[in-house]
Every structure is written in structure tokens, then in C-alpha cells.
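K.L.:
Sequence and predicted model, in that order:
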Amino acid sequence: EIDLTDLSVYRFISEGKTLGCFQIESPMVRQVLKKIKPKSLMDIANAIAIIRPGPARGGMKERFLKRLGGKERVDYLHPDLKDILEETLGIPVYQEQILNIANRFAGFNLDDADLLRRAMTKERGSNLMNEIKEKFFIESAKLGYSKKEIERVWQRISAFSSFGFNKAHSLTYATLAYLSAYQKFYAPLEFFCRLLNNEGGYYPLYAYINEARRWGIRILGPDVNNSDYGFSIRGNSLLTGLRQIKNLSHTTIRRIANSRPFKTAGDFFSAVRPDIEEGIGLIKSGALDLFNETRPKLYYLLLDSRKNGKESRASQKEIFGYELPDQFQDFSRIKKRKDTLQVLGFIPEMHILEFLHPKRDLRIGDLIQDYGLNKKIFKLTGLVIARRIILNRKKRWTTFFTIDDETGIMEVISFDLYQQNSPIVEIEGYLRNDALILVISSPEREV
């Protein structure tokens, strides 16, 4: 019963706010969506098709966008083929279009037309290709087309057919893309819960957690009495699942689920008996904070629960990396958050930049408010969530990477081979359209 013509959802997709949405979340497709401003499934299908490696290498994406923006005249191979090519602005994009052109222009039956498509994509230098070309010219001439018309049509379809994408495939992808965007727009809490549990997508898990927070969703840390295996919905929040805790085995997670609720930390260690690494992970993650004990006291109880094992003969420093404080004085909030980051890969209550770089003059949300400040140099700190390097047509390396902070995401372009090992970068650059053109960048040395 989902409305596939909901203009609110299409506006949302056109703004490129599609992180986590099937097939339309990568930086390149979000950029194309902003330019196409889709109003139908076919528009989304076109966006998905023209960013494929073949069309991108063939310059099809640029030509399509130029025609869409009125910068290039829309022409057709022949007036008889206008209805076949109209939905892609006169440019053959889909394999089905090649089949229909061969059928309409040369009278090929669909079997012969499909043979043409396969020969063009897989056997371009073969004798079969030459035979099909000869048949195409003969049959087209029989239908009254001139040699010049036939040459033009053949040249264009043979040039583009090797890049063609399957239209049925693209429309199916577009439908699923729309449905996932619909879910994100109308039911973000459920959307992010399923997305995080699927652990799939273009970006790392922490990027989706950051996006969920930007949608106003609170992320709660794990809790041995309440957490499920994966993320779960609790009111208007998402509760982190036990499987996110580093070194925690499926067997121990099952024991936790079968033994709870636990009244005290002692009850927990007695019933579950995690090994030392699992216990450390549970404590650092905050999953035992519900017992209102200091972290050192929890470490002590963990050791005490293993007193019959070899761990009891090892020193505290060997096991934990430090001696426990006297009288179980608790660790600082900063140390606790560092520990949580170590075992979860994220800090539930805040973006990593809010923790490591709380005093920043500019955030992404400050920049994207005004694109009219072009060429003004900005300094920005961001968390890298995606990166790709290409060799452009001038044989120069270009690096594209996506950064985020607690306020938004932004594309960054470096007209150079930019190497970065740290996930956090400090950038100096200027805005062009909706991307930041990098001038100077320095990776954060320590995270």
C-alpha cells in the first residue's frame, strides 16, 4: 500500500539525504540525484544506471546531466526512435533500448536483437559482430533507411551498447531504493534499527550511527539486563546490542540472555562467568554500569570470579595494563569514553569529534548554509566515512572523500593523490557547489 508517487519522498531523495538507502547512498549517486531531482521511479533508475562504471567511463553521465540541465541539445538517432530514447534524453543507456532499436530500425526479431546486444558487449571484435553488422545494414536498407541514416544509428548504438545497463534490473533497484527512502523519511527509528543490524551499506557502522543522531535518535549504550543481540528500539531511542562489544562470544551472549535479570555485578559474574577478555569488553562498553559500581570494582569482581583460573596468578597490570586504584576510586569520564570507543567503535552518546575536538570554530552545518562564499578558505575538522581515488581524463589523480560531524556530511575533493591513515582530518579549502575543494589537509596524528 506504499504510495510510489509521494512527492515528499522524491523531494527528500532530491536533497541527497539518502545515507543508508539501498543503491542511492554513495557520494556519486547522491550528487546525481541532486541534479536530476527525481519525480518518478524512472528518474531514480536513470540515476542508478548512469553512474555504473561503463556509462561513467563512456562519458554518458556527463552528457545526460548536460542535456538535463539544458547545456546540450537533446537529439535522437532518428525521428522513428524518439519514443524509445525519450526517457533517457536521446542517449542509449539501457540494453532493452538496443533491442528495441534493432527491432524497430532493422526489423530484427527479439532473438536476433539480443544476439546483437550480446555480441556488442562480449564479442565486439569477433566474426559474429561483423555478420550482425552486415545484417543490420541490409535489413535497415530494406525498410527504406538511407546509408547515412543507418551509419549514424549503428555508430551510436555500437558506441554505447557496451556500456548499457539492464533496464529491468535498474527499475527493480529504483523501486527498492524508493521503498528504503520512504521508510527513512516516515519511520526513521525502525529504519535505522534495521540498517544497523544489517551491518551492510556503503559506509561503516559508525557513519550510520552518526546519521541516526542527526535525525534526533538517541543511541543508548549496551546493558546486560536489557540489550538484545543487535540494536533494538526502546521508546524513541536505539539500545546498542551485545554483539557490538568486542571479544564477546555468541555463547556468552546466550548465557547473558538466559540468566538475566541480574541484581548485582557479583550475580552477573557468578552466573555468566565471562573470560577475562570478554569481561574487560563488557566493563569498558558500559554494559555493567547499571549496577552503579566503579569500573575498578567491576574489574576486581571479574578477577574474583576467575580466582580458580590462571588469571588469579597474573598481576593486575599484566591483565588490564594498569594497577587498580586504591579503594576502587573510579576512572575519569574521559577515560571511560576512550574505553567505550575502543570496544564498541563508537561512543553512544556523542560523535567522536564532540569528544576529541569539542572546541571547533566551524562545523559542516555552518558551511552548507551559504554557498555564496565561494573561494573563501575555511578550516574544518571532519571524520572520514568514505574515500575513492580516480585517474581523471588528464591522467591526474583525484581523491574524493566524504566527511561528517555531528551537524552533517560533506564531500571533499583533492586534485591530487591524497593519502590519509587517520580517520580524522583537518582541512583547509573553499566551497564549490556543495563540495569542499581541498587546499591543505593534515591528518589527526592520534585518535
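P.N.:
Sure thing, it's come through. Numbering: from 1, shown residues only.

K.L.:
Could I get the full set of helices for the stretch 301-447 of the chain?
P.N.:
Applying DSSP state H, counting those that start in this stretch to the stretch 301-447 of the chain gives helices spanning 316-320, 333-344, 352-356, 364-367.

K.L.:
could you give me the average pLDDT of the third one?
P.N.:
Helix 352-356 carries an average pLDDT of 96.

K.L.:
Poorly predicted segments of the stretch 151-300 of the chain, please.
P.N.:
In the predicted model of the stretch 151-300 of the chain, residues 160-163 satisfy pLDDT under 70.

K.L.:
how close does residue 35 sit to residue 164?
P.N.:
22 Å (Cβ to Cβ, to the nearest Å). Where you see a C-beta, it was placed from the backbone N, CA and C, and this is true even at glycine.

K.L.:
who's more crowded, those two?
P.N.:
Between residue 35 and residue 164, residue 164 has the larger neighbour count (other Cβ atoms under 10 Å), namely 25 against 15.

K.L.:
Enumerate every residue touching residue 34.
P.N.:
Contact partners of residue 34, counting by Cβ atoms under 8 Å, 6 or more residues apart in numbering, are 14-16, 434.

K.L.:
which one of those is nearest residue 185?
P.N.:
residue 15 (10.7 Å; Cβ to Cβ).

K.L.:
Can you give me the pLDDT of the closest one?
P.N.:
Residue 15 is assigned a pLDDT of 94 by the prediction.

K.L.:
For it, grab the count of nearby residues.
P.N.:
Residue 15: 12 neighbours (other Cβ under 10 Å).

K.L.:
Where neighbours are concerned, which of the contacts of residue 34 has the most?
P.N.:
In terms of neighbour count, residue 16 stands highest of these at 20 neighbours, by other Cβ under 10 Å.

K.L.:
can you confirm it is in a helix?
P.N.:
No: under DSSP: H, G, I helix; E, B strand; the rest coil, residue 16 falls outside any helix and is assigned coil.

K.L.:
Touching, it and residue 36? I think so.
P.N.:
No: using Cβ atoms under 8 Å, residue 16 is not in contact with residue 36; the gap is 10.7 Å.

K.L.:
Any regions of the stretch 1-150 of the chain where pLDDT drops low?
P.N.:
54-58, 121-126.

K.L.:
which stretches of it form helices?
P.N.:
In the stretch 1-150 of the chain, the helices defined using DSSP H, counting those that start in this stretch lie at 7-14, 27-36, 41-50, 53-57, 60-68, 82-85, 95-106, 110-122, 127-142, 147-161.

K.L.:
Could you work out which of those reaches nearest to residue 192?
P.N.:
helix 7-14 (15.2 Å).

K.L.:
Check which helices and strands the closest one is in contact with.
P.N.:
helix 27-36, helix 167-186 (3 or more Cβ pairs under 8 Å, 6 or more residues apart in numbering; DSSP states H and E).
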